[in-house]
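*Asks:* Give me a model of this one.
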Amino acid sequence: MTDAEGTRIDLHTKVISDSVIERAKERGLDAIVYAPHFTRLPQIKTAAEQYSDSELLVIPAREVFTGDWKNRRHLLAIGLDDPVADFITFEGAMAEFERQDAAVVIPHPAFMNVSLTHPEIRAHAARLDAVETYCAKLFPYQNRRGQRIAAALDLPGFGSSYAHLPGTVGEAWTRFDREIDSTDALVTALREGAPRQAVHRNGLGHRARRLLEYGHLGYENSWEKIDRLLLSCDEPTHPRNLVYEGRFNDVRVY
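*Replies:* Okay, the predicted model is just below:
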């Protein structure tokens with residue numbers, strides 16, 4: 001799965017399909033991290049296993065929404081064994097990640113109201129394993145902000161497509177200097193601060209994909225979706241859902 005250039009991983013994608021796997025392979029990736037919104041961990045793991053093969057490893061993960069909808073803080077956890085609900089407190093989520101020895105990385109830092117701010121990342125730097133320094137969904141000035149945060153706090157960086165659209169997979173990735181052939185191997189690399197480089201494509205095609213992804217934010221944050229999330233406790237990752245057996249009742253925000 002690796003060559004002289006190390007292991008190339010798109011460290012955050014939201015979509016999975018035959019076409020996504022084909023595109024990832026065409027882009028020369030060795031692995032992708034699959035972390036769809038509002039999807040239970042067992043379902044993510046099943047899809048990851050189904051789409052993994054000898055050419056491309058699909059690593060299951062969860063981007064957990066902490067806090068309420070207006071001030072949510074996204075945390076990307078890799079290496080979870082037990083499900084974690086969305087819309088719980090930051091401390092509640094971190095305690096659960098630490099209990100499970102998961103790697104915790106910060107996607108799209110200081111972006112709108114969906115990310116940890118620079119002061120928040122500084123306050124919790126010792127508990128975090130990496131900060132995203134290149135996200136294909138963001139504009140250059142936004143990525144430079146992430147790079148400054150990582151540099152100022154001496155935290156490792158990473159790159160990803162953050163693909164919500166299939167065509168964006170492989171627009172950015174992280175190249176590690178070691179072989180990574182399992183979820184555990186990626187968790188170890190992240191926890192140990194293994195040398196890596198955030199890499200991305202260039203040119204008009206890349207800029208077009210970035211604009212398409214950015215425009216997709218309008219759909220993501222539509223009032224219809226907000227209404228579904230806040231008014232229905234039957235959502236798959238709502239902390240009041242029976243599947244969690246009340247484990248997050250003391251830390252849920254809704």
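*Asks:* only C-alpha atoms for contact and neighbour calcs from this point on.
*Replies:* Will do.
*Asks:* any weak-confidence spans in the stretch 101-250 of the chain?
*Replies:* For the stretch 101-250 of the chain, residues meeting the criterion pLDDT under 70 lie at 218-234.
*Asks:* Show me where it has its strands.
*Replies:* Counting by DSSP state E, counting those that start in this stretch, the stretch 101-250 of the chain has strands at residues 103-106, 130-135, 157-160, 172-176, 196-200.
*Asks:* Show me what the second one is packed up against.
*Replies:* What it means is strand 130-135. strand 103-106, helix 140-153, strand 157-160, strand 196-200 (3 or more CA pairs under 8 Å, 6 or more residues apart in numbering; DSSP states H and E).
*Asks:* what does that strand rub up against?
*Replies:* With CA atoms under 8 Å, 6 or more residues apart in numbering as the test, strand 130-135 has contacts from 104-109, 143-144, 146-147, 149-150, 155-162, 172, 190, 193, 198-200.
*Asks:* One more: the first one?
*Replies:* Counting by CA under 8 Å, 6+ apart, the neighbours of strand 103-106 from elsewhere in the structure are 74-79, 97, 115-116, 127-132, 187-188, 190-191.
*Asks:* Just the buried ones from those residues?
*Replies:* 74-79, 97, 115-116, 128-132, 187-188, 190-191 (16 or more other CA atoms under 10 Å).
*Asks:* Mark which of those residues are part of helices, please.
*Replies:* 97, 187-188, 190-191 (DSSP state H).
*Asks:* ok, those vs Ala61, which is closest?
*Replies:* Val187 (10.7 Å; CA to CA).
*Asks:* so what's the closest one closest to, chain neighbours aside?
*Replies:* Closest residue to Val187 apart from its sequence neighbours, by CA to CA, 6 or more residues apart in numbering: Ala103 at 5.4 Å.
*Asks:* give me the number of residues near that neighbour?
*Replies:* 25 (other CA atoms under 10 Å).
*Asks:* got the CA coordinates for the helix or strand where Gly92 lies in PDB?
*Replies:* Element membership of Gly92, judged by DSSP states H and E, is helix 90-99. Presented in PDB, the C-alpha positions along helix 90-99 are these (Å, rounded to 0.1, in the frame of the first residue of the first chain):
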ATOM      1  CA  PHE A  90     -16.700  19.400  24.500                       C
ATOM      2  CA  GLU A  91     -15.500  17.900  27.800                       C
ATOM      3  CA  GLY A  92     -18.000  15.000  27.500                       C
ATOM      4  CA  ALA A  93     -16.700  14.200  24.100                       C
ATOM      5  CA  MET A  94     -13.000  14.500  25.100                       C
ATOM      6  CA  ALA A  95     -13.500  12.300  28.100                       C
ATOM      7  CA  GLU A  96     -15.000   9.600  25.900                       C
ATOM      8  CA  PHE A  97     -12.200   9.900  23.300                       C
ATOM      9  CA  GLU A  98      -9.600   9.700  26.000                       C
ATOM     10  CA  ARG A  99     -11.300   6.600  27.600                       C
END
